[in-house]
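Undergrad: give the three-dimensional model of this entry:
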Amino acid sequence: MSFFYIIKKFTMKFKKLHSLIFSYPSYKYDINNKNIYWEKRNSKVNKKENPNDFQIERAKIIRKHLKDSKKLLFDIGSGDARQLNAINRLCPFLKIYASDNNDYAYKLLLKSKYKSFLIEQEEALFDLIRNINPDYISLFEVIEHLNNPEILIQNLMKICKSKIFISVPNTGFILHRIRFIFGRFPLQWIVNPYEHLRFWTLKDMKWWLKYIGLKNNYKITPYKGVPILNR
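TA: Presented below is the predicted three-dimensional model:
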């Protein structure tokens, strides 16, 4: 490995670190374009089947909690289906249903191999899940976009046969804390600042799960991030 290669790698990491702490995404306010979030996300990932590292890690966690038998998974907020592709690779025995409330994301789902649904009302979502009767329900990077995820999760707990899998960004991430030191709020949006309505640190999540009635009937698994600090 040459000295110049090391310098180049260091420079790239420094620029990325500097951006995460001090920069903001390009922002053009447009309340009328509800599809712009997935349009921009989809333009960043090459033709859109390969999962990223975060999606692969989530799939590994899920695999640990499943048995090698034919089961049903209903996913809420499936987006471009890359997370489901990661799960399918590790859990090929699962029959997966996909859903989203976004028109553009739904068009992406129709190109995937999963039976997909466009659902814009929560009651319609609950009715569909009751009819499908899945063993598992998943919501990856979804509930932070909701103003009242408590109602959603409590209703899902009533109709889910086995387990619900949820992932959220960690607002206690070390670089978010450093942004706070420099007077900037944690940066968790892609197109518009209003994308995320709720925020959790690890301690907040432990409190919140008990608050919605789970008591000790849950397991939290931090993944990615800086070792030790991510816990």
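Undergrad: now the element after the helix or strand hosting residue 62, going C-ward?
TA: Here residue 62 sits within helix 53-64, counting by DSSP states H and E. Next helix or strand after helix 53-64 toward the C-terminus (DSSP H and E): strand 71-76.
Undergrad: tell me the mean pLDDT for the following helix or strand past that next one?
TA: Sequence order places helix 82-90 as the next helix or strand after strand 71-76, per DSSP H and E. Across helix 82-90, the average pLDDT comes to 96.
Undergrad: let's number from 18 now, not from 1
TA: All right, first residue 18 from here; so that's helix 99-107.
Undergrad: any idea how far the residue nearest in space to the middle of the chain lies from residue 92?
TA: Residue closest to the average C-alpha location in the chain (CA atoms, centre = their mean): residue 158, at 2.2 Å. Separation of residue 158 from residue 92 (CB to CB, to the nearest Å): 11 Å. C-beta here means a position set from N, CA and C on the backbone, and glycine is covered the same way.
Undergrad: equivalent analysis for residue 178, please.
TA: 15 Å.
Undergrad: between the two, tell me which one has more neighbours.
TA: Per other CB atoms under 10 Å, whichever of residue 178 and residue 92 has more neighbours is residue 92, with 26 against 11.
Undergrad: burial measure for the closest residue to that one other than its chain neighbours, as a count.
TA: The shortest distance from residue 92 to any non-neighbouring residue, by CB to CB, 6 or more residues apart in numbering, is to residue 155 (4.7 Å). As a burial measure, residue 155 scores 23 neighbours (other CB under 10 Å).
Undergrad: residue contacts, residue 155?
TA: By CB atoms under 8 Å, 6 or more residues apart in numbering, the residues touching residue 155 are 79, 90, 91, 92, 93, 104, 181, 182, 183.
Undergrad: show the contacting residues for residue 79.
TA: Neighbour list for residue 79: 104, 107, 108, 155, 182 [criterion: CB under 8 Å, 6+ apart].
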